[in-house]
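Enquirer: Turn this into a structure:
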Amino acid sequence: MTSNASSVSDDLARTIASWTAQDPDPETRQQVDDLLSAANEGNLHALAELAEAYSGRLEFGTAGLRGALGPGPHRMNRVVVSQTAAALASYLLDHGLAGGKVIIGFDARLNSDVFARDTAEIMSGAGFRAMITPGPLPTPVVAFGIRHFGCVAGVVVTASHNPPQDNGYKIYLGDGSQIVPPADAEIAARIDEVAKHSLDDVPRAQSYAILGPDLVDAYVDRIAGWVPPLDAPQQLRWVYTPLHGVGLSLVERVVEACGFPAADVVAEQAEPDPRFPTVAFPNPEEPGAIDLALARAAEIGADLVIANDPDADRLAAAAVVDGHWRMLRGDELGVLLGEDALRHQVRGTYACSIVSSSQLSAIAATYDQPFVYTLTGFKWIARVPGLVYGYEEAIGYCVDPEAVPDKDGISALARLLMLAAGLKAAGGGIADRLDEIARHYGVYETDQLSLRVDDAMIIANAMARLRANPPRWVAGQQTSVVDLARGTQQLPPTDALLISGETIKVVVRPSGTEPKLKCYLEAVVPDTVDLVAARAEAEKMLATMRAEMSAALGITTIQSDA
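Expert: Purely as a prediction, here's the structure:
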């Protein structure tokens with residue numbers, strides 16, 4: 001699409017020229033040249049791309065940065081990453097951590113290794129003892145390395161399960177957890193300050209260390225150390241896919257060290273590939289993402305399917321339920337792992353986010369163990385005092401918070417294999433344990449509505465309408481409404497509403513990582529004499545909740561993620 005009336009303004013041209021002068025990457029400089037040529041020839045798409053890429057900065061938000069690769073301050077590139085690394089160094093220096101160790105890891109996405117080296121050079125130039133992984137590794141291994149090596153901070157270059165064109169920059173502090181306020185705002189302010197000057201003013205050094213095998217060895221030994229001998233693990237048959245990510249080699253090592261049977265690996269998705277060619281979206285929760293694994297499982301008569309997302313910090317599982325293969329919801333797997341820990345007398349605090357099922361709370365209470373709800377995100381879950389297990393419905397599980405105070409798809413995989421192997425040895429399976437939990441504690445069914453938007457004002461307007469006129473009845477139950485933006489005794493303020501009835505719960509919030517409005521639904525049926533009838537009743541309640549909440553939000557195109 002072209003128009004001879006369109007060209008780059010003088011102000012935008014000066015901004016681009018100033019940026020390009022400090023950009024060390026020939027690829028992004030060439031992209032700018034191509035876009036400028038096209039825009040000055042009247043290409044409206046090129047002009048719009050330049051205007052967006054050079055208007056404002058990529059927001060420093062949940063645990064750091066995440067966005068599309070490309071030139072400009074509103075994209076992920078070497079300038080943005082270098083400015084962020086310099087800002088992190090400044091923050092650490094100002095907090096009395098000069099000379100400390102900083103571990104830097106990366107996944108297999110485009111430019112992840114380059115961004116990691118830039119970070120290592122800048123940290124070294126600022127006087128820190130920077131340590132970089134020798135190749136792509138799962139995010140939880142780097143998080144483990146923070147405490148293992150006694151680091152003052154850690155960085156992982158990853159966009160997790162985002163689309164192929166994205167990359168990201170995840171920051172941890174010395175406690176091994178993701179950054180939380182006010183650290184995020186303080187680092188963001190320093191990014192703005194660094195950006196006022198040329199990157200030529202930022203010192204760099206080549207004195208960083210490249211880590212050897214010690215990190216991975218220690219991580220594997222940690223997991224193997226808490227896996228007890230199994231009676232009959234060789235009977236378990238399972239299929240695994242890393243979804244073109246970095247999980248396979250480490251999963252194979254952990255499985256061998258723990259004595260589990262080797263997985264049947266989905267060959268088409270086994271090797272890291274930043275293009276993610278076999279999936280529309282590299283997220284195991286997305287429809288179709290694990291179809292190849294499910295087909296293989298049906299072919300070999302497997303007991304279980306397990307998938308990691310590309311940086312292996314999240315875990316998904318599928319099993320035969322009611323005679324057919326289906327993906328377990330994040331809440332189902334979260335409750336399975338939590339109930340199993342309680343069953344084995346793991347004592348301490350259990351936790352999940354407010355958008356997750358309330359079933360784990362009920363189970364913890366029967367074992368007389370403390371339970372805590374947190375805000376969304378493992379930066380909050382992992383900081384719960386005395387935590388022994390925490391999870392979030394978005395397939396994130398923290399099963400060994402002492403070693404990895406973050407979600408960890410590898411150690412959670414080991415826990416799941418322990419559970420599945422034990423059930424198989426006893427003549428049962430995952431579906432049997434789900435039924436057992438439901439009979440004892442009640443049926444808890446969850447669902448999620450989400451709306452992806454191009455204009456963030458749609459989300460803001462929907463939240464404003466809901467706050468002004470919240471539903472006082474949902475699914476035939478009178479509700480109470482808590483505006484979490486005001487905070488509670490247990491929770492700091494967050495942009496969300498909690499709507500609850502006698503046996504229902506609704507949480508509405510904007511996504512922290514995507515342009516989405518999310519509505520989390522839960523229906524509880526305590527009477528489980530007839531499980532089939534109880535589950536049907538819960539599903540009927542959810543259907544009513546979906547319709548009524550869509551109407552309350554004033555959005556008719558909102559879709560179920562179930």
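Enquirer: Would you map the strands across the stretch 151-300 of the chain?
Expert: 153-157, 166-173, 209-210, 238-241, 264-265 (DSSP state E, counting those that start in this stretch).
Enquirer: Comparing those strands, which comes out most buried?
Expert: By mean neighbour count, with neighbours taken as mean count of other CB atoms under 10 Å, strand 153-157 ranks first of the strands of the stretch 151-300 of the chain at a mean of 28. No exception for glycine: its C-beta is placed from N, CA and C like everyone else's.
Enquirer: Adjacent strands (with direction) for it?
Expert: Strands that pair with strand 153-157, judged by DSSP bridges, come out as strand 101-106 (parallel), strand 166-173 (antiparallel).
Enquirer: For that strand, give me every contacting residue.
Expert: 81, 85, 88, 92, 97, 100, 102-107, 109, 112-113, 115-116, 119, 139, 142-143, 145-146, 167-174, 176, 311 (CB atoms under 8 Å, 6 or more residues apart in numbering).
Enquirer: Could you list the alpha-carbon positions for that strand in PDB?
Expert: C-alpha atoms of strand 153-157 as PDB (Å, rounded to 0.1, in the frame of the first residue of the first chain):
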ATOM      1  CA  ALA A 153      21.400 -10.900  40.200                       C
ATOM      2  CA  GLY A 154      20.600 -13.000  37.200                       C
ATOM      3  CA  VAL A 155      19.400 -12.400  33.700                       C
ATOM      4  CA  VAL A 156      17.700 -14.700  31.300                       C
ATOM      5  CA  VAL A 157      17.300 -13.700  27.700                       C
END
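Enquirer: can you give me how far it is from the chain middle?
Expert: Strand 153-157 has its C-alpha centroid displaced from the chain centroid by 15 Å (CA atoms, centre = their mean, to the nearest Å).
Enquirer: And stretch 57-76, by the same measure?
Expert: 16 Å.
Enquirer: tell me which element the closest residue to Arg329 other than its chain neighbours falls in.
Expert: Once flanking residues are discounted, Arg329 sits nearest to Thr446: 6.2 Å by CB to CB, 6 or more residues apart in numbering. Counting by DSSP states H and E, the element that carries Thr446 is strand 443-452.
Enquirer: quick one: the closest residue to Arg509 other than its chain neighbours from Phe128, how far?
Expert: Once flanking residues are discounted, Arg509 sits nearest to Ala496: 3.7 Å by CB to CB, 6+ apart. Going from Ala496 to Phe128 by CB to CB, to the nearest Å gives 37 Å.
Enquirer: now Glu186
Expert: Following CB to CB, the distance that separates Glu186 from Phe128 is 17 Å.
Enquirer: Have a look at the two and say which one is more surrounded.
Expert: Phe128 (26 against 15; other CB atoms under 10 Å).
Enquirer: hang on, Met76 packs against Gly64?
Expert: No - in this structure, Met76 is not within contact of Gly64 by CB atoms under 8 Å, at 10.7 Å.
Enquirer: residues shared between the contacts of these two?
Expert: Gly168, Tyr169.
Enquirer: Looking at these two, which is more packed in?
Expert: Met76 (28 against 22).
Enquirer: Leaving out sequence neighbours, find the closest residue to that one.
Expert: In space, Met76 is closest to Asn167, 4.5 Å off (CB to CB, 6+ apart).
Enquirer: so which helix or strand takes in Leu50?
Expert: helix 44-53.
Enquirer: cool, and Ala130?
Expert: strand 129-132.
Enquirer: and that strand, what does it pack onto?
Expert: strand 101-106, helix 112-125, strand 209-210 (3 or more CB pairs under 8 Å, 6 or more residues apart in numbering; DSSP states H and E).
Enquirer: buried residues in stretch 537-548?
Expert: Across stretch 537-548, burial judged by 16 or more other CB atoms under 10 Å covers Glu537, Ala538, Glu539, Met541, Leu542, Thr544, Met545, Arg546, Glu548.
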